[in-house]
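K.L.:
Predicted structure and sequence below. I'll ask about it afterward.
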Amino acid sequence: MEFLMRVLLVAAAVCFSLLAGGCASFTAPPYSADYPALDALKRSSAGKVNVGRGQPDGPEEAVNKITLRGAALRAEGTTFAGYVAQAMASDLKQVGLLDLASSRKIDLLLLKNDIDVSGISEGKGVIEVRLTITDLERVVFQKNYAAQTKFASAFSGATAIPIGQAEYPNLVRALLANIYRDPNFIRALSGP
């Protein structure tokens with residue numbers, strides 16, 4: 001009887017840990033800028049601009065959902081599209097280019113967004129946005145930008161999930177650095 005009780009307790013503990021692990025939710029860490037890219041942007045001829053809300057803004061949209069081995073990753077207080085737009089607004093504010101009253105506005109549409117930690121020793125991230133710059137509601141520039149990251153991961157979910165969680169700001173940083181280093185983006189912000 002004692003053996004049966006131990007088996008039942010172990011089985012209950014295993015079931016609980018599986019259920020708890022599958023229902024866990026993690027928050028993406030705060031974004032931090034790529035300062036060399038921001039320095040280049042600050043030295044450029046880019047003019048002031050506003051940043052709209054990231055789209056799609058519905059949390060049920062596929063690009064606003066990331067799952068790390070069954071555990072949900074979310075953005076604090078916003079969607080992932082909002083996270084990217086807020087990161088860009090923060091960067092532009094740091095270099096003195098954000099102007100909420102500007103007639104020139106950047107809109108971001110999140111097209112792809114994923115962190116994959118299913119590999120045994122390597123994880124990867126992929127993100128893509130369609131960036132549109134309008135001036136007085138007239139489109140002056142539109143281009144898709146993408147970034148990919150690869151990072152060391154682990155077979156163990158207990159290790160891989162926090163690594164994937166920590167990777168999200170790096171993925172966004174890589175995307176925004178690609179945008180800021182594009183001469184066509186700078187020209188679009190410099191135009192009349």
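P.N.:
Arrived safely, thanks for sending. Numbers count the residues shown, from 1 in each chain.
K.L.:
And the strands in the chain?
P.N.:
Taking DSSP state E, the strands of the chain run over residues 25-27, 50-51, 66-68, 71-74, 104-116, 122-135, 138-152.
K.L.:
For the biggest helix by length in the chain, list the C-alpha coordinates in PDB.
P.N.:
The residue-count maximum for a helix in the chain (DSSP state H) belongs to helix 157-180. Coordinates of each C-alpha in helix 157-180 appear next as PDB, following Å, rounded to 0.1, in the frame of the first residue of the first chain:
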ATOM      1  CA  GLY A 157      13.000  23.200 -21.500                       C
ATOM      2  CA  ALA A 158      13.800  24.600 -18.100                       C
ATOM      3  CA  THR A 159      17.000  26.100 -19.700                       C
ATOM      4  CA  ALA A 160      15.800  26.800 -23.200                       C
ATOM      5  CA  ILE A 161      12.600  28.700 -22.300                       C
ATOM      6  CA  PRO A 162      14.400  31.500 -20.300                       C
ATOM      7  CA  ILE A 163      17.000  31.700 -23.000                       C
ATOM      8  CA  GLY A 164      14.300  32.200 -25.700                       C
ATOM      9  CA  GLN A 165      12.600  34.800 -23.500                       C
ATOM     10  CA  ALA A 166      15.800  36.800 -23.100                       C
ATOM     11  CA  GLU A 167      16.400  36.600 -26.900                       C
ATOM     12  CA  TYR A 168      13.400  38.600 -27.900                       C
ATOM     13  CA  PRO A 169      14.800  42.100 -27.300                       C
ATOM     14  CA  ASN A 170      17.900  41.100 -29.200                       C
ATOM     15  CA  LEU A 171      15.700  40.100 -32.200                       C
ATOM     16  CA  VAL A 172      13.900  43.500 -32.100                       C
ATOM     17  CA  ARG A 173      17.300  45.300 -31.700                       C
ATOM     18  CA  ALA A 174      18.600  43.500 -34.800                       C
ATOM     19  CA  LEU A 175      15.500  44.500 -36.800                       C
ATOM     20  CA  LEU A 176      15.600  48.200 -35.800                       C
ATOM     21  CA  ALA A 177      19.400  48.400 -36.500                       C
ATOM     22  CA  ASN A 178      18.700  47.100 -40.000                       C
ATOM     23  CA  ILE A 179      16.100  49.800 -40.500                       C
ATOM     24  CA  TYR A 180      18.300  52.600 -39.100                       C
END
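K.L.:
Where does pLDDT dip in this protein?
P.N.:
For the chain, the stretches flagged by pLDDT under 70 are 1-23, 192.
K.L.:
could you redo the last one with a cut-off of 80?
P.N.:
Of all residues in the chain, those with pLDDT under 80 make up the ranges 1-24, 191-192.
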